[in-house]
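Student: Okay, here's the prediction I keep looking at, along with the sequence it came from:
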Amino acid sequence: MADTSSVNGISRTTTQTTDTTTAPKKELDQASFLKLLTMQLSYQDPFKPVDNAQMLSQMTSMSTSEGINSLSTQMGNLNTLMTSSQALQASALVGQNVLLQSNVGFLENEGSIGGVVAVGVENKYTSVKITVEDEKGQVIKEFALEGDQKGNVEFTWDGKDKNGEPVASGKYVLKANGNNSEGKSESIATFAYGKVDSVVLGNGTNPTQLNLKGLGTTTLNSILQIAGATTTPPTTTPTASI
């Protein structure tokens, strides 16, 4: 396109052109390398041939570079596949109750919270007591577990205080203590169930996240067990209020 302009009374015409040239490659691919190597061999001095060790070193370097690039591409594809598979597995958890690496559970209105006490394979406790606290550390209720107390013992808090009245929805802390044969009280690891509300799909750098009702987010590798879609996780051990 012609552009006419006047500078100090002198008329001039300039023409705008579009540069259609292609930028040269900054990287040497395998085909170009072999082409250059063939030309080098064709024009070599027969009295001073190319050193075999040098030529082999060049070919090995190119082969290694191509192999690394190919491996990088394959690893990227594998990472994408694993992320997609993880996302598919995580999406199946929506609406399910999962056991968390935490002793904090969320109580819905007129609901309950399930948990697991890691008593261990040895029956070294004569009794196990569950204590429920609110976020301020106030004791809401205490009750004892009954039955065989070995391994991972499941229990459910009914969402009521020590007077049998329903408490407000929110976060509650589950703690367990066991009395050993000497009558001494020991703290026992306790884990709470949470409900998966939704899933945030991950990518190559960020893992897939699970949104838990009232508890925030967590990752798949922090899930210990899947209980199902029941409102209350299954309870295998009867409970008695203290």
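Tutor: Cool, the structure landed.
Student: List the contacts of Leu174.
Tutor: Counting by CB atoms under 8 Å, 6 or more residues apart in numbering, Leu174 makes contact with 103-105, 113, 115, 130-132, 157, 190, 192. C-beta here means a position set from N, CA and C on the backbone, and glycine is covered the same way.
Student: again, only using 7 Å
Tutor: By CB atoms under 7 Å, 6 or more residues apart in numbering, Leu174 lies in contact with 103, 105, 113, 115, 130, 132, 157, 190, 192.
Student: same question, Lys195
Tutor: 97, 212-213 are the contacts of Lys195 under CB under 7 Å, 6+ apart.
Student: what does Thr126 give?
Tutor: Thr126 touches 179, 181, counting by CB under 7 Å, 6+ apart.
Student: Which pLDDT value belongs to it?
Tutor: What the model reports as pLDDT for Thr126 is 83.
Student: Now the helix or strand containing it: buried residues?
Tutor: Element membership for Thr126 (DSSP states H and E) is strand 125-134. Within strand 125-134, the residues that count as buried by 16 or more other CB atoms under 10 Å are 125, 128-134.
Student: repeat for stretch 154-161
Tutor: By 16+ other CB under 10 Å, the buried positions in stretch 154-161 come out as 154-160.
Student: could you dump those residues to TSV with secondary structure, distance to Glu186 and pLDDT?
Tutor: TSV is the format used below for the buried residues of stretch 154-161 (DSSP: H, G, I helix; E, B strand; the rest coil; distance: CB to CB, whole Å; pLDDT from 0 to 100):
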residue	secondary structure	distance to Glu186	pLDDT
Glu154	strand	20	91
Phe155	strand	17	93
Thr156	strand	23	93
Trp157	strand	21	96
Asp158	coil	25	94
Gly159	coil	27	94
Lys160	strand	27	95
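Student: Distance to Gln89 added to these, as TSV?
Tutor: Below are the buried residues of stretch 154-161 laid out as TSV (distance: CB to CB, whole Å):
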residue	distance to Gln89
Glu154	24
Phe155	28
Thr156	27
Trp157	29
Asp158	32
Gly159	31
Lys160	36
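Student: ok, which pair from those residues is furthest apart?
Tutor: Among these, the pair separated by the greatest distance (CB to CB) is Glu154 and Lys160, at 18.6 Å.
Student: re earlier: tell me the one of the buried residues of stretch 154-161 nearest Ala144?
Tutor: Phe155 (10.0 Å).
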